[in-house]
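>>> Okay, sequence plus prediction incoming.
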Amino acid sequence: MVWHYRKVDVWLAELRVNQLLNALIAPCARLNLTVMKGNKIIEVKASDYSKGAEAIRLIGKENYDFIMAIGDDTTDEEMFQTLPKESITIKVGKNTNAAMYNIPTQTQTIVFLNDLIKEEPVPEAGKHT
């Protein structure tokens, strides 16, 4: 379960984050759950589940010829580390050692993804462009 607070007033978000974390610590410890503070998120999950574990599970089900993972949060770091070395891993925001590449902002990520799907015209046989 993830609570996103990206569009919340900064002062109010800081207040509520601390209140929520303090309220979650004891029950999560009793239930063997992990509480993580990320990039304007609070995540509660079972200790044995992660994006890295799920990536490994999904990769084991199919034979993929291309894998690309893009993420902007600390919760993406384990995923970047567990993917096969030939995977394209991209951290959005602050650069890390876990990802192969970095895109500084989410806006630039949208531009990057749009550029990937643009179709280039195929030149006619014998013609060079």
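It's in.

>>> give the contact list for the spatially most central residue of the chain.
The residue lying closest to the centre of the chain (CA atoms, centre = their mean) is G71, at 2.8 Å. For G71, the contact set (CB atoms under 8 Å, 6 or more residues apart in numbering) comprises 51, 77, 79-80, 90-92, 99. For the C-beta atoms, the positions are set from N, CA and C on the backbone; glycine is no exception.

>>> So which of those residues are in strands?
Under the assignment DSSP state E, those contribute 90-92 to strands.

>>> Give me the buried entries from those residues.
90-92 (16 or more other CB atoms under 10 Å).

>>> could I get these as CSV with distance to N18?
As requested, these are arranged in CSV below (distance: CB to CB, whole Å):
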residue, distance to N18
I90, 31
K91, 27
V92, 26
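
>>> ok, those vs V17, which is closest?
V17 lies nearest to V92 out of these, by CB to CB, at 21.1 Å.
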